[in-house]
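Q: model this:
(chains A and B)
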Amino acid sequence: MKRRRVAVTGLGVVTPLADNVSEFWQRLIKGERGIKPITKFDPSGLRNPKAGEVSPWQFAPAEFGMAAAPDEATQFLLVAAQQAICDAGLTREQLAEAGAVLATNFGGAMSWERFVDSFLSHAPQSGHFTEFRFDTALTHLCHCWPLSGPTSLLSIACASGTAAIGHAVDLIRYGQANIMLAGGHDALAPSHLAGLSVLRTITAEDIRPFSKNRSGTLFGEGAGLVVLEDYNHAQARGAPIYCEVIGWAENSNAYHLTAPDEGGAGMRRVLQTALNDAQVDSNTIDYINAHGTGTEYHDPAETQAIKSVLGDHAYQIGVSSIKGAIGHLMGAAGVVEAIATVKALQEGVLPPTVNYDAPDPECDLDYVVNQARPSSISYAATISAGIGGSNACVILSQV
Amino acid sequence: MSEQSVEKVVITGIGPICTIATGRQDFWAVLAEAHDAAVPEAQSADSNWLRCEDFRVEDYLESEKTYLDRCSEFTLAACYLAVRDAQLDWPNLSHPRVGLCLGTAFGCLDSMLNNTTRVRTKGSRLASPVVFMHSFANTPASLAAIEDHIQGPVPTFCDGDISAGAALHYAWQALRYGQADVILAGGVDVVSNALVAALGNAPNIDRARAEGACLLVLERQASAEQRAAPVLLAEVVSCAVTGGADTSTARQQAITQAGQIAELDETPCIFEPPAVYGHTFGASLALDVAAAIGTLEAGQVPADIIAVVRATADGRAAAIILRNSE
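A: Modelled structure (predicted):
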């Protein structure tokens, strides 16, 4: 059978920097940071009282036909979806045939906290549990827009968002849908930040991806959603086409729940498999949006993986992480980072790795340090990795 | 557009764990005897939830583990059973070409509750790193991947009652288009304190709520033939997941779409899942598929093609069409 081409036709974001794509991109390439003190709950006891909080934040349930506001993570997702659908110029009738693949690590995380509070008070509230469920945002999305195509909710920790794009791409490629929404969402909440804090994934300082003085990551919240479309379908309706998704892959390190495998072998395989899927040579890649968490062990492993796949070409291209600017958005990270990569392709500007303050011999690539850089790029990759050892990679190209 | 070859996908092993039986042969034997059985009675007067009381994860592990959520225990055990049922030759498999797709509606709720309770009652500083890292929805699949060195795709789907259907759908598609050689796919959900508290203790409408897991070994037929797989249980002809409509419309859409992919001229016989193993949430569709294959094998249905379908209360559905491989 013929494998169909897949176009990106709509973008939507809610991030700690901004809650729309245009402002997000402008602030990102100016090198601004969205990391700030946590205000939505008491951060006492965490290694760092700062995170990538989306604030101030307002949500109007009536705009989505809802009587009451859903969990915050769902709110982020619905707002990102609304932007992306509008950006793609899709009508409700066109959406009726669309499907969706969403990604999350923690579902409705604040609703889970409320449920546990009610449980500990011996009066469990099932409404909070319903709003927590991992697929609750998908349920709300399907109620807000009449999606009748394939739907699923994916959870592979911090690689979820990138994999969601890949899964949606396959559904279009192999003829099960013409239009797919691929999104990721997560909200900050005390319990998982506490867990990430005691795992010492969180730094007590600034997040400094690939820098010698890096000491961990900082988390953030938000959502990203892209509209993916059969290329011919998009062309036929005169849709704006940002770029193409030409390949992707996901895999498992099969090594450890939290530690990267030796030499970044899993990330190396996922990048190579995605390039094979895209049917392009490794030296055609012009830019990589790295996972770049700023943790001691992850960044050199990812650097090694990139070098082992791209060889000397790895030194000729920009590799940047946007986590210093927005934090690690967990289940939303992959999609928001893919959107930054789409904008890099469209605008010909590489977003910077901020907070970089000293070179590390183990991380010796060009990380687009602290300042955005004009660069005409035709092919780009975005890589994600997550707790449990999951990796995912998407390859994008100019049309 | 580039050319893509399309491969046949077969099921060569089944690893079911539920309240009525463990392992394929026992599962089918109990189902054959209890074909018309009604909803099983609850195990105690104050609970309408069925637990696998005799389950011991130690029976399925090569080495002792310091901590496992019950959801992970069931996943590891189902994996163990499925791999052995298929007689997979692990040393000679290309592990990057082996995957595991798991569906779970609720994941590791016990560990999540444990983690949050510690944080709420003792403070953030006293969260447990071990409990936390075992509380992710993808922890069970990740642990199974580590245990069996599965280096291909290992996604976890949280799609309520059709979670296993989403996992089977993904696995079928990945194998059909040559992205992997072997994928273990299915679902799991366990009875946990949080779930009982959230859903209550009232009797379920049509069947008891229960825990269970089932992983099926899906292979490209070419791979199965190359390794001379001892048993070809069924061919997965097609899978579809649909969403957004009401429950009955979603069911019909899923069946129609799966039928179109399979290029069937008429609607296939729809498998009626027996009530005896209860309602197992994210594991349901995998146990239904295992049961449906049993009826095909036993010649209990008049056709050699059968459809297994389920829908969520909010109107999403998954359908899997199976053909007797004999």
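
Q: neighbours of the residue of the stretch 201-350 of chain A found nearest chain B, how many?
A: With Cβ to the nearest Cβ as the measure, A:Ser252 is the residue of the stretch 201-350 of chain A nearest to chain B, at 4.0 Å. From N, CA and C alone the C-beta is placed, and that goes for glycine too. Applying other Cβ atoms under 10 Å in any protein chain shown, we find 33 other residues in the vicinity of A:Ser252.

Q: with B:Ala254 instead?
A: For B:Ala254, using other Cβ under 10 Å, the count is 29.

Q: state the distance from it to chain A.
A: Going from B:Ala254 to chain A by Cβ to the nearest Cβ, to the nearest Å gives 9 Å.

Q: wait, that residue touches B:Thr312, no?
A: No: if you go by Cβ atoms under 8 Å, B:Ala254 and B:Thr312 don't touch, sitting 11.0 Å apart.

Q: domain-wise, how is chain A divided?
A: A:6-236, A:248-397 (automatic domain parsing).

Q: how far does the last one stretch from one end to the other?
A: Start-to-end span of domain A:248-397 (Cα to Cα, to the nearest Å) is 12 Å.

Q: just to revisit the earlier point, got the domains of chain A as TSV, with distance to B:Ala208 and mean pLDDT columns?
A: What follows is these, written out as TSV (distance: least, Cβ to Cβ, whole Å; pLDDT from 0 to 100):
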stretch	distance to B:Ala208	mean pLDDT
domain A:6-236	19	97
domain A:248-397	32	97
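
Q: out of these, nearest to B:Ala32?
A: Evaluated over these, closeness to B:Ala32 peaks at domain A:6-236, with 33.2 Å, by Cβ to Cβ.

Q: please point out which parts of the helix ranked longest in chain B sit buried.
A: Determined from DSSP state H, the single longest helix within chain B is helix B:70-86. By 16 or more other Cβ atoms under 10 Å in any protein chain shown, the buried positions in helix B:70-86 come out as B:70-83, B:85-86.

Q: elements contacting that helix?
A: Using 3 or more Cβ pairs under 8 Å, 6 or more residues apart in numbering or on different chains; DSSP states H and E, the elements in contact with helix B:70-86 are strand B:9-17, helix B:109-122, helix B:139-148, strand B:182-189, strand B:212-220.

Q: mind redoing it with 6 Å?
A: strand B:9-17, helix B:139-148, strand B:182-189, strand B:212-220 (3 or more Cβ pairs under 6 Å, 6 or more residues apart in numbering or on different chains; DSSP states H and E).

Q: just the CA atoms of the helix or strand that comes right after the last one, as PDB, please.
A: It stands for strand B:212-220. Downstream of strand B:212-220, the first helix or strand assigned by DSSP states H and E is helix B:221-226. Below are the C-alpha coordinates for helix B:221-226, written out as PDB (Å, rounded to 0.1, in the frame of the first residue of the first chain):
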ATOM      1  CA  GLN B 221       3.100 -14.200  10.400                       C
ATOM      2  CA  ALA B 222       6.400 -14.400   8.500                       C
ATOM      3  CA  SER B 223       8.300 -14.200  11.800                       C
ATOM      4  CA  ALA B 224       6.100 -16.800  13.400                       C
ATOM      5  CA  GLU B 225       6.600 -19.100  10.500                       C
ATOM      6  CA  GLN B 226      10.300 -18.400  10.400                       C
END
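
Q: list the buried residues in helix B:221-226.
A: Buried, per 16+ other Cβ under 10 Å, within helix B:221-226: B:221, B:223-224.

Q: buried residues of the helix or strand following that helix, list them for me.
A: As assigned by DSSP H and E, the chain's next helix or strand after helix B:221-226 is strand B:234-242. Using 16+ other Cβ under 10 Å as the burial criterion, the residues of strand B:234-242 that qualify are B:234-242.

Q: the stretch 101-250 of chain A: strands as residue ranges?
A: For the stretch 101-250 of chain A, the strands defined by DSSP state E, counting those that start in this stretch occupy A:151-154, A:179-186, A:222-230, A:243-252.

Q: for the last one, which strands pair with it and how are they oriented?
A: Same thing as strand A:243-252. Partners of strand A:243-252 in the sheet, by DSSP bridges, are strand A:6-14 (antiparallel), strand A:390-397 (antiparallel).

Q: what's the pLDDT at B:Gly244?
A: Looking at B:Gly244, its pLDDT is 67.
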